[in-house]
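heads up, no residue letters with this:
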């Protein structure tokens, strides 16, 4: 299966824009203290393990201490994934055994405040039944469609053996994924796990099968939209507008309920180059498009996706020669081409440099490239990280 991340060199009429997809900045964190929510007047939908809604100040504190979704790489990735899934399996077996033996053991529990989350949202995790004051190791992994592990962290149980912690989904890479969170007491050895999903959202692809995600397309290329919608949205009509860099609607269509994952597509015209948009509008009620009303049209689409259109787009970076390939080369291992997500780490006094090479030979591009921009689609990074850099 071709990777969904990579890099693209975008060559417009007078400007070359360089798109880098798959940036991942590592994060680290020490144990969190599981604190009781302070009193306050404004309540939030997120709740603590006691079932009480968090106050605004408590919610703000939990968000500030949230652990970002930092992907791990080999060989650590497989080690953590195997550890998490084996812990979850052991916890499930123990729970089943206690039920079969009609025992009323104080098994630990772990829950999330919701079953489904959108990208760039907070997962509020709560647990009970651990030893008071013990350190509880937390691991989140992606079970499907692409088994992946993320940086573990520790949280300290309170005097009642309860934990409250937060995980931040700072990426669109998890759209449509099933996740598993596992909590294991380091003193008691008690383990509990729970699953949740990353709320689906519209995505652009370069292939009809909708497996290769892109946000840069050459003149004449077909842009495939997948709605990735769920719930009541599946039963509604959708209006889709394709908008050029000047704000003009170039193509507009209505799509019947259930067709947003397979039908919408757009052929990028031969100019103008620049940042285009696709805007999605949801009908006010369930039903077919005939007679459907869109009270938010055209001013308030439910989703707007940006994508680049250019004279030519070259995907990937290779060590020597050729065009294409989702690859990159690290300063620490310059002789080896990497195929995983690009990692860039910057710390005081020790910067990690990454070299990305785009070979234009054979790309059918003539003339001189006078300037370029490095444009990044972030997989995981700190808040406020800039998206564009001069190159």
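Noted; the coordinates are in hand. These numbers were taken from a predicted model, which means no experiment stands behind them.

was I right about residue 157 contacting residue 136?
Yes. Using CB atoms under 8 Å, residue 157 is in contact with residue 136, at 5.7 Å. (Each C-beta comes from the backbone N, C-alpha and C, glycine too.)

what mean pLDDT would you report for the lengthiest strand in the chain?
Counting by DSSP state E, the longest strand found in the chain is strand 274-286. Mean pLDDT, strand 274-286: 92.

cool, stretch 142-151 as well?
On average, stretch 142-151 scores 87.

which parts of stretch 203-211 are buried?
203-206, 210 (16 or more other CB atoms under 10 Å).

Next, residue 80: secondary structure please.
Residue 80 falls in the helix class when you classify it by DSSP: H, G, I helix; E, B strand; the rest coil.

Among the buried residues of stretch 203-211, which are located in strands?
Secondary structure from DSSP E places 203-205 of the buried residues of stretch 203-211 in strands.

Now render those as a markdown table, adding distance to residue 162.
Formatted as a markdown table, these follow (distance: CB to CB, whole Å):
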| residue | distance to residue 162 |
| --- | --- |
| 203 | 38 |
| 204 | 43 |
| 205 | 43 |
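
I'd like to know which elements the helix or strand where residue 62 lies is packed against.
For residue 62, the host element (DSSP states H and E) is helix 56-64. Other elements packing on helix 56-64 under the criterion 3 or more CB pairs under 8 Å, 6 or more residues apart in numbering; DSSP states H and E are strand 43-47, strand 121-128, strand 163-169.

next SSE after that helix?
By DSSP H and E, the next helix or strand past helix 56-64 is strand 67-68.

Name every strand pairing with that next one and say which way it goes.
Strand pairing for strand 67-68, using DSSP bridges, gives strand 163-169 (parallel).

All the strands of the stretch 201-350 of the chain, residue numbers only.
Along the stretch 201-350 of the chain, counting by DSSP state E, counting those that start in this stretch, strands occupy 203-205, 216-218, 222-226, 236-243, 249-255, 265-267, 274-286, 303-310, 312-315, 328-330, 333-338, 342-343, 346-347, 350-351.

which one of the ones you listed is the most hemmed in?
strand 216-218 (a mean of 24; mean count of other CB atoms under 10 Å).

partners of that one in the sheet?
Applying DSSP bridges, strand 216-218 is found paired with strand 303-310 (parallel).

Just the mean pLDDT for the strand it pairs with, thanks.
Here strand 303-310 scores 88 as its mean pLDDT.

Please work out which residues outside that strand touch it.
For strand 303-310, contacts defined as CB atoms under 8 Å, 6 or more residues apart in numbering pick out 10-12, 17, 19, 201-204, 214-219, 223, 225, 268-269, 271-280, 375.

now the angle between strand 274-286 and that strand, please.
Orientation of strand 303-310 against strand 274-286 (axes from the mean of the first three to the mean of the last three CA atoms, to 10 degrees) gives an angle of 150 degrees.

between strand 303-310 and strand 222-226, how big is the angle?
Following the same axes, to 10 degrees, one obtains 160 degrees for the angle between strand 303-310 and strand 222-226.

okay, the buried residues of stretch 203-211 in TSV with distance to residue 114 and pLDDT next?
Putting those into TSV (distance: CB to CB, whole Å; pLDDT from 0 to 100) gives the following:
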residue	distance to residue 114	pLDDT
203	21	83
204	26	87
205	27	87
206	32	88
210	26	84
